[in-house]
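K.L.:
Predicted model follows, preceded by the sequence.
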Amino acid sequence: MRILIFGGATEGRLLAQALSERGVPAAVCVATELGAEELSQLPGITPLVGRKTQAEMAGLLQGVSRCVDATHPYAREVSANIRSACRSAGVPLRRLLRRESQLPAGSVLVGSSEEAAQFLQGQEGNILLAIGAKKLSAFSGLDPARLYPRVLPVEESLSACRRAGVPTKNIIAMHGPFSQTLNEAILEQYRIHWMVTKDGGSAGGFGEKVSAAQNTGVSLVVIGRPEDDGEDLDSILDWVLN
């Protein structure tokens, strides 16, 4: 049996770890070397680094018996490409998806980064962008002195910050996970009024962000999840093994 996992979220690593512990080999596609580092110590797990086109995905699926989409809940285009590639290759596919969170009272729910930026255009105060680097360009119309993006300490993320016009002194380049205490320290240090985040669930530290915001009086702007269907880790693991 050949198993291919498209990672990118914590769930993909947890599935790979569970398979490794059971002596079941698998290949895991991850976008960056950082993701590969977390998998390289797992016996029987082969990281495949680099973002893949739909055609490249189809090539990887040759000879695969089961495929799992464990990409981030917000990676809509990637998931669509995985579905198409699996259909073309005739490979059974399941979606491993973390549960949605219950949003705290007072949160501002928006449908996209662009909507978040539009809302914040009419607000005052510093903004922590805890959404990764891909959508920073949506906020380039705001005063860059207000923007404090928290991104991975890799050149791709730093370049995205520069393209968005963010001053170097405002860039918070750190690797998570982030505890509630650390979140609170960042919010206080940079005098943040608004935190823009996605619903990353417990695996994405959403609860720690919420608690930190509540304790420091920071308002949350939450980019809502795309509609998606999936299964939990136990169900996917059972499907892969049987």
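P.N.:
Looks like it arrived, so ask away. Numbers count the residues shown, from 1 in each chain.

K.L.:
Where does the prediction get shaky in the chain?
P.N.:
1, 8, 203 (pLDDT under 70).

K.L.:
Show me where it has its helices.
P.N.:
10-21, 33-39, 54-60, 76-89, 113-121, 155-163, 180-189, 206-216, 233-241 (DSSP state H).

K.L.:
Let me know which of the ones you listed is the nearest to residue 226.
P.N.:
Closest to residue 226 of the helices of the chain, according to C-beta to C-beta: helix 76-89, at 5.0 Å. In this view, the C-beta of every residue, glycine as well, is placed from N, C-alpha and C.

K.L.:
what comes into contact with that closest one?
P.N.:
Outside helix 76-89, the residues that touch it by C-beta atoms under 8 Å, 6 or more residues apart in numbering are 6, 8, 52-55, 57-58, 61-62, 64, 67, 69, 71, 92-93, 95, 226, 228.

K.L.:
Turn the buried ones among these into a named ChimeraX selection, would you?
P.N.:
Buried members of the contacts of helix 76-89, defined by 16 or more other C-beta atoms under 10 Å, are picked up in ChimeraX with:
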select :6,8,52,54,57,58,61,64,67,69,71,93,95
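
K.L.:
quick one on the thing from earlier: any chance of the helices of the chain in CSV, with distance to residue 142 too?
P.N.:
Compiled in CSV, those are given as follows (distance: least, C-beta to C-beta, whole Å):
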stretch, distance to residue 142
helix 10-21, 30
helix 33-39, 28
helix 54-60, 34
helix 76-89, 24
helix 113-121, 6
helix 155-163, 14
helix 180-189, 18
helix 206-216, 19
helix 233-241, 38
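
K.L.:
Looking at those, which is nearest to residue 130?
P.N.:
So among the helices of the chain, helix 206-216 is nearest, using C-beta to C-beta, at 6.5 Å.

K.L.:
my read: residue 176 touches residue 205, true?
P.N.:
Yes - judged on C-beta atoms under 8 Å, residue 176 makes contact with residue 205 at a distance of 6.2 Å.

K.L.:
So these two - more neighbours on which side?
P.N.:
Taking neighbours as other C-beta atoms under 10 Å, residue 176 and residue 205 compare with residue 205 leading, 21 against 14.

K.L.:
Endpoint to endpoint, stretch 40-54 covers what distance?
P.N.:
25 Å (C-alpha to C-alpha, to the nearest Å).

K.L.:
can you check stretch 3-11 too?
P.N.:
For stretch 3-11, the first-to-last residue distance is 15 Å (C-alpha to C-alpha).

K.L.:
surely residue 190 meets residue 128?
P.N.:
Yes - using C-beta under 8 Å, residue 190 is in contact with residue 128, at 6.9 Å.

K.L.:
Which neighbours do the two have in common?
P.N.:
148, 172.

K.L.:
Compare those two and say which is more crowded by neighbours.
P.N.:
Counted by other C-beta under 10 Å, residue 190 and residue 128 do not tie: residue 128 has more neighbours, with 25 against 15.

K.L.:
Please name the residues that touch that one.
P.N.:
Residues in contact with residue 128 (C-beta under 8 Å, 6+ apart) are 148, 149, 150, 172, 186, 187, 190, 192, 194, 195, 196, 218.

K.L.:
Nothing else from me, thank you.
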